[in-house]
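1. quick one, structure for this:
(one chain, ligands or ions: 1)
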Amino acid sequence: MASGNDGGNNKLQLYSYWRSSCSWRVRIALNLKGIDYEYKAVNLLKGEQNSPEFRKLNPLGYVPALVDGDFILSDSFAILMYLEEKYPQHPLLPSDLKTKAINFEAANIVSSSIQPLQNLVVLNYIDEKFGPDEKLPWVKHFLGKGFAALEMLLKDYAGKYATGDEVYLADCFLAPQIDTGFTRFNLDKSEFPILARLHEAYCELPAFQKAMPPNQPDTPSS
Ligand SMILES: N[C@@H](CCC(=O)N[C@@H](CS)C(=O)NCC(=O)O)C(=O)O
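-> I've put the predicted structure just below:
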């Protein structure tokens, strides 16, 4: 396993929350690349993401944040690109131009057009303005729209994984999003057969299993 440092003692630190799908993407990439890291828990339900200390790492008040020595980086996409350049083992990007572009497209559908609409801060706002019963229909509407788009996109590219028979960037974004959609927000798997198949394939992979919410240091015991 790579040490996640430059020979000094700056082991990478990942600020994460067990159930955060954005943190989960980074945990998958770190595991795929075999990078050891220190897990720094940020309890989103207690509002720790809004503490002045954490806002120094990410002024938006979102996890994940990665600390590499005196370098701080937030936003999972930027973090994955940084890891990709710094730790080339297990490449997250294929060399084929079009396959690489599709990886960016699928990852960005998740990170720009699905996850932001289910974010805690958004659901809390809906709860406050429109009541708790409005949260689930809201999430299901936007997840369904995004999942339908992913199904259409991936039908021409998916193999065992999103863009063929190797795991790449798109898979790091899709695995947490699909799992969240099916298990937390109860989307109907039968409507999304490709995503359902990918979900099963991801659950078989140790790097993905280790990154799953039940297996984190801050996972609640009950
Ligand atoms: N684009 C950012 C989004 C980060 C984000 O939305 N993180 C969520 C958890 S998945 C969060 O920290 N939410 C806290 C909140 O809503 O208060 C990324 O990909 O890292």
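
2. how's this structure carved up into domains?
-> Listed domain ranges for the chain are 14-90, 97-208 (source: automatic domain parsing).

3. pretty sure residue 94 sits in a helix.
-> No. Counting by DSSP: H, G, I helix; E, B strand; the rest coil, residue 94 is located in no helix; its state is coil.

4. quick one: closest of the domains of the chain to residue 221.
-> Closest approach to residue 221 among the domains of the chain is made by domain 14-90 (11.5 Å; CB to CB). C-beta here means a position set from N, CA and C on the backbone, and glycine is covered the same way.

5. of the domains of the chain, which is nearest residue 222?
-> Nearest of those (CB to CB): domain 14-90, 13.3 Å.

6. hmm, the closest one touching the ligand?
-> Yes. With CB under 6 Å from any ligand atom as the measure, domain 14-90 is seen reaching the ligand through 20, 21, 22, 44, 49, 61, 62, 63, 64, 75, 76, 77.

7. wait, which of the residues you listed is closest to residue 108?
-> residue 77 (7.7 Å).

8. can you redo the domains of the chain as TSV with mean pLDDT and mean neighbour count?
-> Converted to TSV, these look like this (pLDDT from 0 to 100; neighbours: other CB atoms under 10 Å):
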stretch	mean pLDDT	mean neighbour count
domain 14-90	98	18
domain 97-208	98	18
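
9. who does the helix or strand hosting residue 72 pair up with?
-> Secondary structure from DSSP states H and E places residue 72 in strand 71-74. Sheet pairing of strand 71-74 (DSSP bridges) gives strand 65-68 (antiparallel).

10. helices or strands next to the strand or helix carrying residue 148 in the packing?
-> Residue 148 belongs to helix 135-154 when assigned by DSSP H and E. Contact partners of helix 135-154 among helices and strands, from 3 or more CB pairs under 8 Å, 6 or more residues apart in numbering; DSSP states H and E: helix 97-108, helix 120-130, helix 169-179, helix 193-203.

11. switch the cut-off to 6 Å
-> Under the contact criterion of 3 or more CB pairs under 6 Å, 6 or more residues apart in numbering; DSSP states H and E, helix 135-154 touches helix 120-130, helix 193-203.

12. out of the domains of the chain, nearest to residue 215?
-> domain 14-90 (8.5 Å).

13. ends of that closest one, how far apart?
-> End-to-end distance for domain 14-90, by CA to CA, to the nearest Å: 19 Å.

14. centre of the chain to that domain, how far?
-> Put simply, domain 14-90 sits 10 Å off its chain's centre (CA atoms, centre = their mean, to the nearest Å).
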